[in-house]
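S.K.: next comes the sequence, and after it the predicted model I'd like to discuss.
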Amino acid sequence: LGILGLVFHFKRQKNDATVTMILFLFTGILINIYLNQPPYEPRERDYSLVGSFQTFCIWIGLGVLFLFDQLKQKISAMGAAAVSLAVALSAPYLMGSQGWNDHDRSKRYIGIDFAKNCLMSCPPNAILFTNGDNDTFPLWYAQEVEGIRKDIRVINYSLLGIDWYINQLRYKVNESPAIDVIWSADQIEGSKRDYIEYKPNASMPDDKFYNLYDVMKNYVGKDNPDNDYSFPVKNVTVPVDVAAAIKNGTVNAIDSVLSSLDFSLPRNALMKNESAVLNIIAANNWKRPIYFTNAGAELGFDQYLRRDGLSYRLAPVKNSKVNTDWMLDKLTNKFAFGNANKPGVYFDEENRRHLGGIRYAYAELAIDLAAKNRKEEAKVVLNKADKMMHESNFGYGLTSRGNMHNKNSLLFLEACYLAEDKILIKK
């Protein structure tokens, strides 16, 4: 229909058709040439061509007029109109019938439920670092539209390398107080401290650990007219006020609490967003809980991240992977599953990735409970996850990015064995 309409357009109104063709080319192939769009993208980027799609729709419409124009010369105008209408409706009918099942979002609430789960994993007044759009926007929606947990400061790690975004942290937002980022607005303006290299200092031997706050404020934060910023050591420490950490819930009374967080920076250079994370940790001084949506911050302190649900807390307890009782309460009483328990709700690949993350959390908690000889509680956890994710919506063997679906399912199966749940093992 579109090609017929294009030909019809040029025959009837050449100048008008030429302008439309220019619009079609500039909003389609030429914009991709101009942007030099790479062939590999994290998802389909056909929305960059949407202008050309809309322009082509003009020709589809004119194609229907072309059919009517040709048919009315052979049959009645009424018959020509009926045939043209039937042909015109065939395209949306075909698209709807073939594409409805994998575009239907009705009853699917995994986006907001995933956000709630992340937020509910955190105690009051927490700082939560997220990664990229899909981790961040649902949480912002939950806070700004539905008013959920507005006390938590959600910080998008992907934006944290930009001076204006760091500067926003200096102000109270909703119920979240301002955050100390150590450096002033002038010290991070533009490209200042975008890239900080490791340059050893002879007066600071590598076999010692140096206070992270002092390093970031008095060495990296020292103004340099040549913009040649560097950090002199890789071994850093964050002192821990043990009494305060127990009082504010950062650690549990039964934990073996460290007097300091000692870790080594893993790279020979720091980008601005990495420096900002370190600054926030150093300046926070354990006053506010600090969380990450990802277990791998990759800045040297991953061994101090402890799972509290769907979020991971920075805690001065080494290699303690699960905060058992806190997580048990959240997973059995607070978590939601986006209607995954209702048959017929469609979850696409990205939604299945988030459901896989929830399944992984339940499996990890169950393994932790079983290891602590709390097998009955582990069974409760596993059966809730199985019940709330109907197999017709989210089976145990689906394809996914990085094959994570099968890895999560195998971990879940391992948890079933450790909990000695024979029914779930067989399923």
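M.R.: Here it is on my side, so go on.
S.K.: from here on, contacts and neighbour counts on C-alpha atoms
M.R.: Noted.
S.K.: and the strands in the protein, which stretches?
M.R.: Assigned by DSSP state E, the strands in the chain fall at 127-130, 153-156, 195-198, 210-211, 230-231, 235-239, 260-264, 269-271, 290-292, 305-307, 312-314.
S.K.: number of nearby residues for residue 99?
M.R.: Residue 99 sits with 11 neighbouring residues when counted by other CA atoms under 10 Å.
S.K.: check it and give its pLDDT.
M.R.: For residue 99, the pLDDT comes out at 92.
S.K.: rewinding a little: out of the strands of the chain, flag the one nearest residue 144.
M.R.: Closest to residue 144 of the strands of the chain is strand 153-156 (CA to CA; 11.4 Å).
S.K.: who's in contact with the residue nearest in space to the middle of the chain?
M.R.: Nearest to the geometric centre of the chain sits residue 135, at 2.1 Å (CA atoms, centre = their mean). Listed by CA atoms under 8 Å, 6 or more residues apart in numbering, the contact partners of residue 135 are 115, 293.
S.K.: sorry, back to before: can you put the strands of the chain in TSV and add mean pLDDT and mean neighbour count?
M.R.: Compiled in TSV, the strands of the chain are given as follows (pLDDT from 0 to 100; neighbours: other CA atoms under 10 Å):
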stretch	mean pLDDT	mean neighbour count
strand 127-130	97	24
strand 153-156	97	22
strand 195-198	94	18
strand 210-211	97	18
strand 230-231	93	20
strand 235-239	97	20
strand 260-264	96	18
strand 269-271	95	17
strand 290-292	97	26
strand 305-307	96	26
strand 312-314	96	26
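S.K.: show me what contacts residue 201?
M.R.: Applying CA under 8 Å, 6+ apart to residue 201 gives the contacts 232, 233.
S.K.: relative to residue 261, how far out is it?
M.R.: Going from residue 201 to residue 261 by CA to CA, to the nearest Å gives 22 Å.
S.K.: residue 294 now?
M.R.: Counting by CA to CA, the gap from residue 294 to residue 261 is 19 Å.
S.K.: what's the end-to-end length of stretch 281-300?
M.R.: End-to-end span of stretch 281-300 (CA to CA): 13 Å.
S.K.: and that stretch, what's buried?
M.R.: 281-286, 288-295, 297, 299-300 (16 or more other CA atoms under 10 Å).
S.K.: in helices only, show me the residues you listed.
M.R.: Members of the buried residues of stretch 281-300 lying in helices (criterion: DSSP state H): 281, 282, 283, 284.
S.K.: of the residues you listed, closest to residue 425?
M.R.: Set against residue 425, the nearest of those by CA to CA is residue 281 (42.3 Å).
S.K.: distance check, residue 3 against residue 96.
M.R.: Separation of residue 3 from residue 96 (CA to CA) stands at 22 Å.
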